[in-house]
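Q: how would this look folded up:
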Amino acid sequence: MGFFISWYQSLYWRIAIGVVSFLAVMLVVQAMLFIWALGQSGRSLPGQSPARFGQMIALDVATELTRDPDIDLVHYLNEQYSQYTHPFFVLFEDGRLITVSSVIPGTALVEASRALLHQPSKDAVGTSRSGRGLSTGSRAPGHEDPETVLANANVLTVPIVINTHVVGVVGLPRRAPYTFLLARFAPMLSGIATLVLIVGGVVISGLTFGPPRRRLQSLEMAARRLGAGDLRARAIERGGDEITAVSAAFNAMAMDLEARADALAVSDRTRRQLLADVSHELNTPITAMRGYLETLRMTDIPIDEETRERYLGIVSDETARLERLVGDLLELARLESGGLPMSVEDVPVAELFARVAARQEQTARMEGVTIVQSIATAAALVRGDRVRLEQALQNLAANALRYAPPGSTLRLSSHLDDGAVTLSVQDEGAGITPAHIPHIFDRFYKADPSRHNASGSGLGLCIVKAVTEQHGGRISVRSRPGRTVFEMAGLDVGYAAANASLPGGETQPRTDMVESRQ
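A: Have a look, this model is predicted:
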């Protein structure tokens, strides 16, 4: 069952709402700052100043009244000037007040404007203190100058003159009020802001959230496939961001799991094969022992003493074979698990070869095989466990003697290769078929009949490999008809040999060989 995520729980929606909200707030703040700056600058009338705008209105009103004294000035002024972004009002001598904006002037401003109209000398256009407007004339004592009231309110007044007679006044602020500009520009700015938010949201969603969403979906699908057992599932690794890092980590984990699963499968197959091989190898001597023992127990079958002794000898041989097989299995298990501690020391190669030759002397004499030893002076000492190295060499020598033809030579040699000791055992047998060489060190592997020995446990070469690798070396084999060489290469040189140096501290390269026959 999939994991359902509500839209309000989605990371994309949360980021998108946050970004769009931020854009909206920024647009509102910028719009308000623009309107405030426009009002403070007094440039709400492009191309002309408030004074000229007032003069234009006063002249227009005077012209229309001259043409038609009964004209509906309220309708006319709203029709002609409602599109301007600057409020104004018109006050007539008879007390009529016309406002062309949503901003209604205060009572004090209206009274001050009316006082200007009733000044004694209002029959001609004069000059106010601000440089434009009506003449101040005289004012009653105790009354504040109306022009001062208007100036303090930052309101400009322009007279409406018909035939040199002032019939009214046009009043307008030098700067458009903030609320008026806000009301006038709000629809336009709202439309622009809405368009910007829609386009910006679409662009941000497409460019910012689209690729990460697809890559996260790929990562999610890969995780589901991996959870379902598909160990080859991989996520997309594109870009260099955090999602790529997570995808790379997921892919590394998937590859590690796949490698572990493969290793477990191989280990399981190896375990099953090992159990089958061990069962077969143990069953062979046990079956032989059971058969002969049951024969010896049959009282109704007469068995002479010579036959009895031969049967008991076979049982004894099979018992020894079974004992060797179990011992080799335990030895190999301890070697591969690292359970056998090594006693590392400088071991003379000559002593190792001497013990191998002494152990295999009787077998070699019976088979008519000559054992030859050759030891390079630089490789006379090897560092390792004396017992384990001898065990490996004994196994190689015994294996070689089984297939060495009469009159041939078995060579034990030691030489230096790339600063490491190589111990080799060479025989002159029929050789190993190339198809079997890659598997020759496997447990219980049965090679071709030319090198098969029924008396062996099938673990000797596997033990040699384990001992060599425990010493940090590598085991290899080269074979052709008439010459087969097993090499334990990469073994450490003994300290005494490694420190043998010429005067001046240079290491002395000694590669002369010492050969002995037995």
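
Q: only C-alpha atoms for contact and neighbour calcs from this point on.
A: Fine.

Q: What segments of the stretch 301-450 of the chain are strands?
A: Assigned by DSSP state E, counting those that start in this stretch, the strands in the stretch 301-450 of the chain fall at 344-348, 370-376, 381-385, 409-417, 420-427.

Q: Next, name the residue at the spatial heart of the protein.
A: Residue closest to the mean C-alpha point of the chain, counted by C-alpha atoms, centre = their mean, is residue 245 at 2.2 Å.

Q: Point to the helix or strand of this structure where mean pLDDT is at its lowest.
A: Sorting the helices and strands of the chain by mean pLDDT, DSSP states H and E puts strand 513-517 at the bottom, at a mean of 51.

Q: residue contacts, residue 238?
A: Neighbour list for residue 238: residue 244 [criterion: C-alpha atoms under 8 Å, 6 or more residues apart in numbering].

Q: which phi and psi does it have?
A: Here is the backbone geometry of residue 238 (degrees, to the nearest 10): phi -130, psi 140.

Q: Can you give me the distance of it to residue 225?
A: 20 Å (C-alpha to C-alpha, to the nearest Å).

Q: try residue 169
A: From residue 169 to residue 225 the distance is 84 Å (C-alpha to C-alpha).

Q: Could you check which of these two is surrounded by more residues?
A: Higher neighbour count among residue 169 and residue 225: residue 169, with 27 against 15, using other C-alpha atoms under 10 Å.

Q: helices or strands up against the helix or strand hosting that one?
A: If you go by DSSP states H and E, residue 169 is part of strand 165-173. In terms of contacts (3 or more C-alpha pairs under 8 Å, 6 or more residues apart in numbering; DSSP states H and E), strand 165-173 is packed against helix 50-67, strand 89-92, helix 107-117, strand 155-162.

Q: how big is the angle separating it from strand 155-162?
A: Orientation of strand 165-173 against strand 155-162 (axes from the mean of the first three to the mean of the last three C-alpha atoms, to 10 degrees) gives an angle of 150 degrees.

Q: can you put the helices and strands packed on strand 165-173 in CSV and add mean neighbour count?
A: CSV is the format used below for the helices and strands packed on strand 165-173 (neighbours: other C-alpha atoms under 10 Å):
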stretch, mean neighbour count
helix 50-67, 17
strand 89-92, 22
helix 107-117, 19
strand 155-162, 24
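
Q: Determine which of those approaches residue 192 most closely.
A: Among these, the nearest to residue 192 by C-alpha to C-alpha is helix 50-67 (27.7 Å).

Q: Check which residues of the helix or strand just after the closest one are buried.
A: From helix 50-67 onward toward the C-terminus, using DSSP H and E, the following helix or strand is helix 73-81. Across helix 73-81, burial judged by 16 or more other C-alpha atoms under 10 Å covers residue 77.

Q: can you state the direction angle for helix 73-81 and helix 50-67?
A: 130 degrees.

Q: on contacts alone, who are the packing partners of helix 73-81?
A: Using 3+ C-alpha pairs under 8 Å, 6+ apart as the contact test, no helix or strand touches helix 73-81.

Q: Residues contacting it, please?
A: Outside helix 73-81, the residues that touch it by C-alpha under 8 Å, 6+ apart are 61, 98, 100.

Q: returning to what we had before: please save the CA atoms from the strand holding residue 169 in PDB.
A: In PDB, the C-alpha atoms belonging to strand 165-173 read as follows (Å, rounded to 0.1, in the frame of the first residue of the first chain):
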ATOM      1  CA  HIS A 165     -14.700  89.300 -12.100                       C
ATOM      2  CA  VAL A 166     -13.800  86.300  -9.800                       C
ATOM      3  CA  VAL A 167     -16.700  83.900  -9.800                       C
ATOM      4  CA  GLY A 168     -15.000  81.000  -8.100                       C
ATOM      5  CA  VAL A 169     -11.800  79.300  -7.100                       C
ATOM      6  CA  VAL A 170     -10.100  76.000  -8.000                       C
ATOM      7  CA  GLY A 171      -8.500  74.400  -5.100                       C
ATOM      8  CA  LEU A 172      -6.000  71.500  -5.400                       C
ATOM      9  CA  PRO A 173      -3.300  70.000  -3.200                       C
END
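
Q: domain ranges for the protein?
A: Structural domains assigned to the chain are 7-42+182-222, 50-174, 242-334, 342-517, following automatic domain parsing.

Q: Among those, which comes closest to residue 233?
A: Ranking the domains of the chain by proximity to residue 233 (C-alpha to C-alpha) places domain 7-42+182-222 first, at 5.2 Å.

Q: I'd like to know the average pLDDT value across that closest one.
A: Averaging pLDDT along domain 7-42+182-222 yields 72.

Q: Correct me if wrong: residue 390 contacts residue 352.
A: Yes - Residue 390 is in contact with residue 352 according to C-alpha atoms under 8 Å; the separation is 5.8 Å.

Q: Read off the pLDDT value for residue 351.
A: On the pLDDT scale, residue 351 gets 92.

Q: same question but for residue 73, I mixed them up
A: Looking at residue 73, its pLDDT is 86.

Q: just residue 258 next, same as before
A: Looking at residue 258, its pLDDT is 88.

Q: Check which helices and strands the strand or helix carrying it sits against.
A: Element membership of residue 258 [criterion: DSSP H and E] is helix 242-297. Helices and strands touching helix 242-297, by 3+ C-alpha pairs under 8 Å, 6+ apart, are helix 210-227, helix 305-337.

Q: These: lowest mean pLDDT?
A: Across these, helix 305-337 has the smallest mean pLDDT, namely a mean of 75.

Q: so how far is that one off the chain centroid?
A: Using C-alpha atoms, centre = their mean, to the nearest Å, the distance from the centre of helix 305-337 to the centre of the chain it belongs to is 57 Å.

Q: can you state the direction angle for that helix and helix 242-297?
A: Using the same axes, to 10 degrees, helix 305-337 lies at 170 degrees relative to helix 242-297.

Q: What is helix 305-337 packed up against?
A: Packed against helix 305-337 by the contact rule (3+ C-alpha pairs under 8 Å, 6+ apart) you find helix 242-297, helix 460-470.

Q: How far does the last one sit from its chain's centre?
A: The chain centroid and the centroid of helix 460-470 are separated by 41 Å under C-alpha atoms, centre = their mean.

Q: What is that helix packed up against?
A: Partner elements for helix 460-470 (3+ C-alpha pairs under 8 Å, 6+ apart): helix 305-337, helix 386-403, strand 474-480.

Q: And the pLDDT at residue 58?
A: 88.

Q: Contact partners for it?
A: For residue 58, the contact set (C-alpha under 8 Å, 6+ apart) comprises 158, 159, 160, 161, 169, 170.

Q: Now the two most distant members of the residues you listed.
A: Spatially, the most separated pair among these is 161 and 170, at 10.8 Å (C-alpha to C-alpha).

Q: Residue 482 and residue 428 touch, don't they?
A: Yes - taking contacts as C-alpha under 8 Å, residue 482 lies within contact range of residue 428: 4.5 Å.
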